[in-house]
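**Q** Here is the input, now give the coordinates:
(2 chains)
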Amino acid sequence: MVGWSGGRVVNVVAASAAAAALAATTLTTRPPDHPTTRPPDHSTTRPPNHSTTQPPDHPTTIGLFLCTCHGALEGTLDFPALVATGKRMRGVAYVERLEAACEETGLAAIERAVAEGDLNRVVVAGCSPHLYADRFEALMARLNLPPRLLARANIREGAAWAHIADPAAATAVARGVLEMAVAGLRETPYHPFNPRPQETVARRVLVLGGGLAGMTAALTLADLGVECDLVEREPQLGGNLHDIHHTLEGLDTQTLLASLVERVRQAERVHVWTEAELVGWSGVRGNFAARIRVNDEVRSERYGALIVATGAEEATTTEYLYGQHPRVVTQRELERMIAGGRRQEAGGKMWASCFLPLDSCRSVVMIQCVGSRDETRPYCSRVCCAQAVKNALALKRLDPTIEVSILFRDVRTLGTQELYYRQARRAGVRFLRYEPPAKPVVEADGDRLRVTVHDTLYDETVTLEADLLALSTGIAPREDSNRALAAMVGVMLDEDGFFAEAHPKLRPTDLARPGIFLCGLAYGPRFVTESIAQARAAALRAALTVTRPGEPRRDVATVEADLCSFCGLCVAACPYGARVLDEEERVARVLDSLCQGCGVCVAVCPNGASRQPAFEPVQALALVDAALIE
Amino acid sequence: MTDFEPRIVAFLCNWCTYTASDLAGTSRIQYPPNVRIIRLMCSGQLDPIYVAKAVLEGADGVLIGGCHPGDCHYQSGNYKARRRVAIIHQVLEQLGFDPDRVWLRWISASEGQYFADTVTEMVAALKEKGPSPFRRQWSV
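**A** All right, here's what the predicted structure looks like:
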């Protein structure tokens, strides 16, 4: 799918690459116990804490690692004395002096010592804890120890450097810093006080919009083993795909549509709600609460992620006698006429002009860029040049004697579509270039039309007699509903009224709010194949969100239910709204995903029910004690 | 009293004042070695009991450092710290402990010099005041 398929913009490439990666993964066989082949469940539990793997009476064995920062601290700090002091500290089982704890050799030395000495707590004495935090956290993960059991003793910025002029004082401060780190760690229980009920992630995705993109995303999710609800506003699935009969390259989109609808209806994991609408949205990635109106009834559902595939529509116009003369149609209406004016069953929009007999048309004129690339709609709709070439070629195939003239501003047949443009020229399609403000003039001539245009390439004014005028009006966002939806789910629209991606090059399927993804025409004008690729990419991103929850965080606050008196002080104190009162259980609860770990709730709790496993009050008191050792 | 070295326990918020102390070290700005630093995520994390513990254990001074008003990394933690310190001052006064031994200072991450100056100033002020009465009581 990636390969050479013509020149492409970066976001399309990124989306197709993700879709290709997805396609590649589905080729490999999945073992029966693979998460994607397991029967679907609505929630997934995070992996248990490391702590449950160790017996509760595990003795405290602290490894103390003194880093000389490549010898830089040796001039100020008396390392032999510090090593000797460290060895005398209660709980310390092992002391080692390292050249550079933060480098591969140092990290490996710590890893080896912990494994060999069966150490279960680590003090790294060296630079500020603000530096290399990720390396040491990764080290703890490798050691299968919770990050709470790592302490960083700041003997560089806090001791050696701050007292560089007085080595004796610096060493004394460093000794104090070590005492404190060891004492704090000694008081850190191996198990968190009360293994918190792990936050669950709703393993279910909401797909908004049942068009090509929405259906493709839903089916991809189902293939990945993720349940999804497909919500469509109209009574039937398909959206804009009903009006596309084939692509420029010859793909039969009506067969595609029929098979998609069939597969969506058959898919066990896809639940389709038509004539339904999202009316409420709250929560965070992994745990969204949605309210959906279906048949005058509002349902409350929980989702882990959202895919916005609400689409767009063919723009309408009042220019060039559209709506006044029966022989002026849009490109899409022309396409339907070519396809035989096939009546769309339930729900398809009807235009009187769709039933004009094509055989009375000897001459067809098309005007490009109608109502677009101007002040009101400055963007290029991307698909209309290809659409015009497609329809022109189709007309020529029906009857090569039909005269087709395309009045264009710039022919933007992208990439390999250029071949079809050349094919159209060879088939006798005339291309005449006009340039605003000198737009073509259309006059009614009884039953027929007269189109006058100044061809800028020949610098001549040409008058064309037309039996049919097709307007390329382009694609317009559903601005009002887009705006309402964007406000509801908390994302942005771009200046044209389409949904704005988080990053046009790096994250083309993500919306700015985590857990919300985007595909199809809601993102902007695009071709059928591009919509499919982007829908698959968005589905993959959403599936990853709900099946692979984030790492458990160490700094999140928690509540010891037995001690909580339901006073609500923590709810008032939390600046993030991460605290709620559970009226049923009469206990305060923490919304993990909102908690930032500031610890305010711990300080205000009158009962000590509010806790932060990463920083327990006993540790703070131990630190104070150690700080005041003579 | 000339050889009296006050002992200060400092509770510094991770984002501003602790970073300022780091900056002081990185810039080799020297300050007296009388302070032991305890890093809190936020000054709002300070439980008054920590201060009480430090005072009862014989600390000559307690320094609490947070972000400047309006600059709290956690939006409002420093305001909570300010209210708590006001109460701590009242309680200490009633216990006959000089509330001026407990300092609350707003020191931003870029104010390494101000951090060093604060410690220097505090050490001088505490030398003036002499040892904590609780220390005298305990070290008979």
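**Q** Scan the helices and strands of chain B for the one with the lowest mean pLDDT.
**A** helix B:133-138 (a mean of 71; mean pLDDT, DSSP states H and E).
**Q** Going along the chain, name the helices of chain B.
**A** B:17-26, B:48-56, B:77-94, B:112-129, B:133-138 (DSSP state H).
**Q** Would you reformat those helices as CSV and include mean neighbour count and distance to chain A?
**A** The C-beta positions use only the backbone N, C-alpha and C, and glycine is treated the same way. Converted to CSV, these look like this (neighbours: other Cβ atoms under 10 Å in any protein chain shown; distance: least, Cβ to the nearest Cβ, whole Å):
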stretch, mean neighbour count, distance to chain A
helix B:17-26, 26, 3
helix B:48-56, 21, 5
helix B:77-94, 18, 5
helix B:112-129, 19, 8
helix B:133-138, 14, 9
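**Q** So which of these is nearest A:Leu206?
**A** When the helices of chain B are compared by Cβ to Cβ, helix B:77-94 sits nearest A:Leu206, at 35.7 Å.
**Q** List the contacts of the closest one.
**A** A:573, A:575, A:598, A:600, A:603-604, B:13, B:42-46, B:48, B:51-52, B:55, B:64, B:66-69, B:71-72, B:98-99, B:101-102, B:104, B:106 (Cβ atoms under 8 Å, 6 or more residues apart in numbering or on different chains).
**Q** what residues are up against the most centrally placed residue in chain A?
**A** Centroid-nearest residue in chain A: A:Asp510, 3.1 Å away (criterion: Cα atoms, centre = their mean). Residues in contact with A:Asp510 (Cβ under 8 Å, 6+ apart) are A:Glu501, A:Ala502, A:His503, A:Ile516, A:Phe517, A:Leu518, A:Arg541.
**Q** farthest-separated two in the residues you listed?
**A** Of all pairs drawn from those, the greatest distance, 14.0 Å, lies between A:His503 and A:Ile516 (Cβ to Cβ).
**Q** Of these two, give the one with the bigger neighbour count.
**A** A side-by-side neighbour count of A:His503 and A:Ile516, using other Cβ atoms under 10 Å in any protein chain shown, places A:Ile516 first with 26 against 12.
**Q** was I right about the more buried one contacting A:Ala309?
**A** No - here A:Ile516 lies out of contact with A:Ala309, judged by Cβ atoms under 8 Å, at a distance of 11.6 Å.
**Q** shared neighbours, these two?
**A** By Cβ under 8 Å, 6+ apart, A:Ile516 and A:Ala309 have no common neighbours.
**Q** which residues of chain B score low on pLDDT?
**A** Applying pLDDT under 70 to chain B flags the ranges B:1-2, B:136-140.
**Q** go with 90
**A** B:1-3, B:57, B:70-71, B:73-76, B:95-96, B:133-140 (pLDDT under 90).
**Q** Could you list everything the residue nearest in space to the middle of it pairs with in the sheet?
**A** Centroid-nearest residue in chain B: B:Leu63, 0.4 Å away (criterion: Cα atoms, centre = their mean). Taking DSSP bridges as the rule, B:Leu63 bridges to B:Ala10, B:Trp103.
**Q** can you tell me which residues contact it?
**A** Taking Cβ under 8 Å, 6+ apart, one finds B:Ile8, B:Val9, B:Ala10, B:Phe11, B:Leu12, B:Val35, B:Trp103, B:Arg105, B:Thr118, B:Val119, B:Met122 in contact with B:Leu63.
**Q** Going by secondary structure, A:Pro189 is in what exactly?
**A** When elements are assigned from DSSP states H and E, A:Pro189 belongs to no helix and no strand.
**Q** quick one: contacts for it?
**A** A:Pro189 makes contacts with A:Glu616, as judged by Cβ under 8 Å, 6+ apart.
**Q** That one and chain B, how far apart?
**A** 18 Å (Cβ to the nearest Cβ, to the nearest Å).
**Q** now swap in A:Val329 and tell me
**A** According to Cβ to the nearest Cβ, A:Val329 and chain B sit 58 Å apart.
**Q** again with A:Ser282
**A** Plainly put, A:Ser282 is 20 Å away from chain B if you go by Cβ to the nearest Cβ.
**Q** what's the neighbour count on that residue?
**A** 12.
**Q** List the contacts of B:Phe134.
**A** B:Phe134 sits in contact with B:Val55, B:Leu56, B:Glu57, B:Gly58, B:Phe97, where contact means Cβ under 8 Å, 6+ apart.
**Q** ok, now A:Val272?
**A** Counting by Cβ under 8 Å, 6+ apart, A:Val272 touches A:Gly210, A:Asp229, A:Leu230, A:Glu232, A:Leu237, A:Val264, A:Arg265.
**Q** quick one: the closest residue in space to the fifth one that isn't next to it in sequence and chain B, what's the gap?
**A** Translated: A:Leu237. Nearest non-adjacent residue to A:Leu237, counting by Cβ to Cβ, 6 or more residues apart in numbering or on different chains: A:Gly210, 4.1 Å away. Noted for A:Gly210: a distance of 41 Å to chain B, by Cβ to the nearest Cβ.
**Q** dump the residue contacts of A:Gly210.
**A** Shown in contact with A:Gly210 (Cβ under 8 Å, 6+ apart): A:Leu230, A:Val231, A:Glu232, A:Glu234, A:Leu237, A:Gly238, A:Gly239, A:Val264, A:Val272, A:Thr274.
**Q** Just the buried residues of those.
**A** With neighbours counted using 16 or more other Cβ atoms under 10 Å in any protein chain shown, the contacts of A:Gly210 contain these buried positions: A:Leu230, A:Val231, A:Glu232, A:Glu234, A:Leu237, A:Gly238, A:Gly239, A:Val264, A:Val272, A:Thr274.
**Q** ok, of the residues you listed, which one's closest to A:Pro440?
**A** A:Gly239 (31.1 Å).
**Q** Return the residues in contact with the closest one.
**A** The contact partners of A:Gly239, by Cβ under 8 Å, 6+ apart, come to A:Gly209, A:Gly210, A:Gly211, A:Leu212, A:Gly214, A:Glu232, A:Gly311.
**Q** Now for A:Val83, how many residues are close by?
**A** A:Val83 has 14 neighbours, counted by other Cβ under 10 Å.
**Q** Could you find the closest non-adjacent residue to it?
**A** Leaving out its chain neighbours, the residue that sits closest to A:Val83 by Cβ to Cβ, 6+ apart is A:Val95, at 5.3 Å.
**Q** Next: B:Asp98.
**A** Sequence neighbours aside, B:Lys129 is the residue nearest to B:Asp98 in space, at 6.4 Å (criterion: Cβ to Cβ, 6+ apart).
**Q** Point me to the residue of the stretch 251-400 of chain A nearest chain B.
**A** Relative to chain B, the nearest point of the stretch 251-400 of chain A is A:Val284 (17.6 Å; Cβ to the nearest Cβ).
**Q** which parts of the stretch 101-250 of chain A sit against chain B?
**A** Applying Cβ under 8 Å from any Cβ of the partner chain, one finds that the stretch 101-250 of chain A approaches chain B through A:128-130, A:154, A:156-166, A:169-170, A:172-173, A:176-177, A:180.
**Q** which SS state does the closest residue to A:Val556 other than its chain neighbours fall under?
**A** Spatially, and ignoring its direct neighbours in sequence, A:Val556 is nearest to A:Cys595 (4.7 Å; Cβ to Cβ, 6+ apart). Following DSSP: H, G, I helix; E, B strand; the rest coil, A:Cys595 is assigned to coil.
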